[in-house]
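S.K.: give me the fold of what follows.
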Amino acid sequence: MLRSFKGVLACSAPFALLLAGEAHAQATSAPASPTTATPPAKSSTVSEIVVTARRLDRARASIQPQVGASTYTLTNEAIQAMPGGDNGELNQVILQAPGVAQDSYGQLHIRGEHNGLQFRLDGVILPEGLSVFSQAISPRLAGSVELITGALPAEYGLRTAGIVDITTKTDYENGGEVSLYGGSHGEIEPSFEVSQHTDDTNLFVSGSFLHNDLGIESPDGRSDPLHDNTDQFSGFGYFDKIISPSSRVSVILGTSDQTFQIPDVSGGQNGGLGFNVNGQTNYPSQNLNESQAETTQYGVLSLLNTTESLTTQVSLFARYSTLKFTPDETGDLLYNGISQSADKTDTAGGIQAEGSYKLGDAHTLRGGLIVEVDRTTSQTNTDVFLIDNNPASPTFGQEIGTSPFAIPESDTKVAQTFSAYLQDEWKLASTLTLNYGLRFDQFMGYRNENQLSPRVNMVWQPTKSTTIHIGYSRYFSPPPFELIGGETVAKYVAPTGNPLVTSSAAPAVTADTTPYSERANYYDVGAEQKFGRHVTVGVDSYYKTSTQMIDEGQFGAPIILTPFNYATGKQWGVELTFNYTNGPFSAYANASHSVAQGKDIDTSQFSFSQAALDYVAGHNIFLDHDESYAVSAGTSYLWQGTRFGGDLIYGSGLRADLPLTTPIVEPGNQLLTAIPNGEELPSYIQVNLSVSHKFKNAPGGPIELRLDVINAFDEDYQIRNGSGVGVFAPQYGPRRGFFGGITKEF
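M.R.: Numbering: from 1, shown residues only. From the prediction side, this is the model:
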């Protein structure tokens, strides 16, 4: 693992990539990564093709050098050394980077942001989808994973909390492997990988199927929650063809199809809100039967061309995703007063054209155009109770009849996004680099908004072992278009059109302002120091102010997040990193402190109580995903073919509502019974351990055996307690689990 200010250590991205590969190779005593070493060639022709492929890889990386940004790199070897290796999920890999906090449903928060992650494959944007639980990208396909944060240069926009850029595996060798992994929680996961290299083509294909009984975090702390099965299939394919010594065409295809049961709370709750569904008034909580299915398919077609001074890449990208929530109609009505089925689809596609031009020794110009079209369709059917809303009626406030009333809705919307940028990497001196540029973004969806955003970064390397950077970026982030609902609040206030009849799902607040794009100023200062060949330490600090700061929350049983805005927001923090590599031993540690606050919720108001809106309008509150302190650390040691490893995460706890012993009277005589996000949940530490051994001389090819222990000390900790702004239900971290696997190479 390597933390660096990419593109600055040697004033070029290729060298930074090479340095990362070499550092990790030293740490693991493994062969250098594919970007740094050429395997023995079977013939001179094959050797020439591999050399050409490596050169094209470096040319592609030079288009997006991340000058001045903070980049944390995890190679495939580093991922394999983690407990679970590439059998785990991508979010667990990213969680080991600095400034990352975990949340329920596998969500991650970078530097106090709510989501805001942009995923890229080989530098090409992968449009957002509808997934909540599922992760469309597996670590199995990654040659390396980079988390890019800080004051980003102009090539990055729209989603700026962090850029997760995954370089796909390109081994340029023939072979593959099959694997079987499993253990606690009924987990079983067969998988395979195949690499083929012939003449001027390269192919990599992988696939896996996962079943376990812990698809979503436990809502009550049980090791094996009730009704929590998941089945997950994912597949990936990469193909490229060198069409000339200076150009290459590549194709990426991926798919995931994942189903999740929504876990039930044990303990035999047998009640509800006092409603009657066709004569039934009670419902055992352990019998609830809700589920959610999520699918994603994506594809990228790229053409790369490079000359001595000009490199360009033009890519077409597309993504199709679906989300379907199936409720337990009777149970949901009795417990929540509403039962809603949701069927959503989102289709996105576009073009990304970027280039780099070396204008003499001192200047390198880079620019690009990105156009994306997004079409979302939402179909919901909501069952509610009709409620007597006539104050003069003796049954005022009571249920009318015992049969639910259906409210169907259908909505289709199209959004277009246009982005363009131009920047100059100016070599002021051999040790001083200035990168400055402009980015323009136009978003036309539920709103029509745009912004011209300046970016500037300066990097100084006073000695060969010291790097200092300072940067400023202006950001423009539209709300997640695919999550904005088309529901009409009025339908729930007066579902029959008669104002004397309301519904059990009628919100207390009927205001429904469409979310705005967030606009922010971001400042970042950091330094990195190397001590000899083995130790690297770094510090990075940031400060961000924003208007219309975007947040998201779950405000109903369907596990679909709803975006809303705080009129103003601010985030600041500091990160410390440490890396040590010496032969077969490596270790790392990251620590961060962050603060994230917002004031005045001014969109999607119907999701909140009037008392909460009044309080937040006059107070800066912590965001529900704010975590004051976070630590990640890990180590790996290779001894006579056996690798021992372990990692840990520490969190000081996310936010929850602070109950008030004496309610506060807000304007309009609204009683506030709890301070929104007013307290911090208890801290926790989770330790994971791993041991593996590769039998290199096994018949037919090497065999690797591994054993992993997740949450080795069985820490019983709560990620959410069910309270907080936009928090719907409690979730607990995983309890101790034992897992083993066998991998056969061929």
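S.K.: going forward, measure contacts and count neighbours with C-alpha atoms only.
M.R.: Will do.
S.K.: which helix is the longest one in the protein?
M.R.: Identified as the longest helix of the chain according to DSSP state H is helix 44-63.
S.K.: got the CA coordinates for the helix or strand following that helix in CSV?
M.R.: Going down the chain from helix 44-63, the next helix or strand is strand 70-75, by DSSP states H and E. Listed in CSV are the C-alpha atoms of strand 70-75, where the atom choice follows Å, rounded to 0.1, in the frame of the first residue of the first chain:
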residue,chain,number,x,y,z
SER,A,70,-3.9,12.6,-2.3
THR,A,71,-3.8,9.1,-3.7
TYR,A,72,-3.9,5.8,-1.8
THR,A,73,-2.9,2.8,-3.9
LEU,A,74,-3.6,-0.8,-3.1
THR,A,75,-2.1,-3.4,-5.5
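S.K.: which strands and helices lie in contact with strand 70-75?
M.R.: Packing contacts for strand 70-75, counted by 3 or more Cα pairs under 8 Å, 6 or more residues apart in numbering; DSSP states H and E, involve strand 2-5, helix 13-28, strand 142-149.
S.K.: any chance you could map the helices in the protein?
M.R.: 13-28, 44-63, 76-81, 90-94, 329-336, 489-493, 610-618.
S.K.: pull the CA atoms of the third one into PDB?
M.R.: Right, the one you point to is helix 76-81. The C-alpha trace of helix 76-81 is given here as PDB (Å, rounded to 0.1, in the frame of the first residue of the first chain):
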ATOM      1  CA  ASN A  76      -3.600  -6.800  -6.200                       C
ATOM      2  CA  GLU A  77      -0.900  -8.300  -4.000                       C
ATOM      3  CA  ALA A  78      -1.900  -6.000  -1.100                       C
ATOM      4  CA  ILE A  79      -5.600  -7.000  -1.500                       C
ATOM      5  CA  GLN A  80      -4.700 -10.700  -1.500                       C
ATOM      6  CA  ALA A  81      -2.700 -10.200   1.700                       C
END
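S.K.: summarise which helices and strands it is packed against.
M.R.: Packing contacts for helix 76-81, counted by 3+ Cα pairs under 8 Å, 6+ apart, involve helix 13-28, strand 142-149.
S.K.: how near is residue 474 to residue 516?
M.R.: 16 Å (Cα to Cα, to the nearest Å).
S.K.: swap in residue 56?
M.R.: 41 Å.
S.K.: the helices of the chain: which one's closest to residue 708?
M.R.: Closest to residue 708 of those is helix 76-81 (Cα to Cα; 10.7 Å).
S.K.: mind listing residues that contact the closest one?
M.R.: With Cα atoms under 8 Å, 6 or more residues apart in numbering as the test, helix 76-81 has contacts from 1, 24, 28, 85-86, 93, 139, 142-145, 636, 643, 645, 690.
S.K.: buried stuff in that helix?
M.R.: 76, 77, 78, 79, 80, 81 (16 or more other Cα atoms under 10 Å).
S.K.: go ahead and confirm residue 265 touches residue 284.
M.R.: No - Residue 265 is not in contact with residue 284 according to Cα atoms under 8 Å; the separation is 9.6 Å.
S.K.: out of the two, which sits in the more crowded spot?
M.R.: residue 265 (21 against 16; other Cα atoms under 10 Å).
S.K.: how about that one, what does it touch?
M.R.: 219, 220, 225, 226, 285, 286.
S.K.: just for this structure, where's the confidence low?
M.R.: 1-47, 267-269, 485-487, 557-559 (pLDDT under 70).
S.K.: in it, which strand is the longest?
M.R.: strand 405-429 (DSSP state E).
S.K.: by neighbours, which of the contacts of helix 76-81 wins?
M.R.: Per-residue neighbour counts (other Cα under 10 Å) across the contacts of helix 76-81 peak at residue 1, which has 28 neighbours.
S.K.: quick check: phi and psi at residue 155.
M.R.: In terms of degrees, to the nearest 10, the main-chain angles of residue 155 are phi -70, psi -10.
S.K.: go ahead and confirm it touches residue 424.
M.R.: No - with contact defined as Cα under 8 Å, residue 155 does not reach residue 424; the gap is 11.3 Å.
S.K.: and stretch 684-703, how far out from the chain's middle?
M.R.: Distance of stretch 684-703 from the chain centroid (Cα atoms, centre = their mean, to the nearest Å) equals 27 Å.
S.K.: re the thing from before, got CSV for the buried residues of helix 76-81, with distance to residue 364 too?
M.R.: Formatted as CSV, these follow (distance: Cα to Cα, whole Å):
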residue, distance to residue 364
76, 30
77, 32
78, 32
79, 33
80, 36
81, 37
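S.K.: among these, which one lies nearest to residue 365?
M.R.: For these, the nearest to residue 365 is residue 76 (31.2 Å; Cα to Cα).
S.K.: from residue 209, how far out is the closest one?
M.R.: On the measure of Cα to Cα, residue 76 and residue 209 end up 20 Å apart.
S.K.: could you do residue 241 as well?
M.R.: Residue 241 is 29 Å from residue 209, by Cα to Cα.
S.K.: tell me the spacing between the residue lying closest to residue 330 once chain neighbours are set aside and residue 383.
M.R.: In this structure, residue 330 finds its nearest non-sequential neighbour in residue 277, 6.7 Å apart by Cα to Cα, 6 or more residues apart in numbering. Per Cα to Cα, residue 277 is found 11 Å from residue 383.
S.K.: looking at the two, which has the bigger crowd around it?
M.R.: residue 383 (24 against 18).
S.K.: so that one is in contact with residue 339, correct?
M.R.: Yes - contact criterion Cα under 8 Å: residue 383 and residue 339 qualify, at 5.1 Å.
S.K.: what is in contact with these two at once?
M.R.: Counting by Cα under 8 Å, 6+ apart, the contacts common to residue 383 and residue 339 are 329, 333.
S.K.: for residue 583, which of the helices of the chain is the nearest?
M.R.: helix 13-28 (5.3 Å).
S.K.: on that earlier part again, just checking, what packs against the longest helix of the chain?
M.R.: Helix 44-63 packs on helix 13-28, strand 291-306, strand 310-326, strand 338-359, going by 3+ Cα pairs under 8 Å, 6+ apart.
S.K.: tell me which residues in that helix are buried?
M.R.: For helix 44-63, the neighbour count (16+ other Cα under 10 Å) marks 46-47, 49-63 as buried.
S.K.: the longest strand of the chain pairs with which strands, and in what direction?
M.R.: Using DSSP bridges, the neighbouring strands of strand 405-429 in the sheet come out as strand 363-384 (antiparallel), strand 432-444 (antiparallel).
S.K.: output stretch 209-217 as PDB, restricted to C-alpha atoms.
M.R.: Extracted C-alpha coordinates of stretch 209-217, given in PDB (Å, rounded to 0.1, in the frame of the first residue of the first chain):
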ATOM      1  CA  PHE A 209     -21.400 -16.800  -7.100                       C
ATOM      2  CA  LEU A 210     -21.900 -16.100  -3.400                       C
ATOM      3  CA  HIS A 211     -24.500 -17.400  -1.000                       C
ATOM      4  CA  ASN A 212     -24.600 -16.600   2.800                       C
ATOM      5  CA  ASP A 213     -27.000 -15.900   5.600                       C
ATOM      6  CA  LEU A 214     -25.700 -12.400   6.400                       C
ATOM      7  CA  GLY A 215     -26.600 -10.400   3.300                       C
ATOM      8  CA  ILE A 216     -27.300  -7.200   5.300                       C
ATOM      9  CA  GLU A 217     -26.100  -6.100   8.700                       C
END
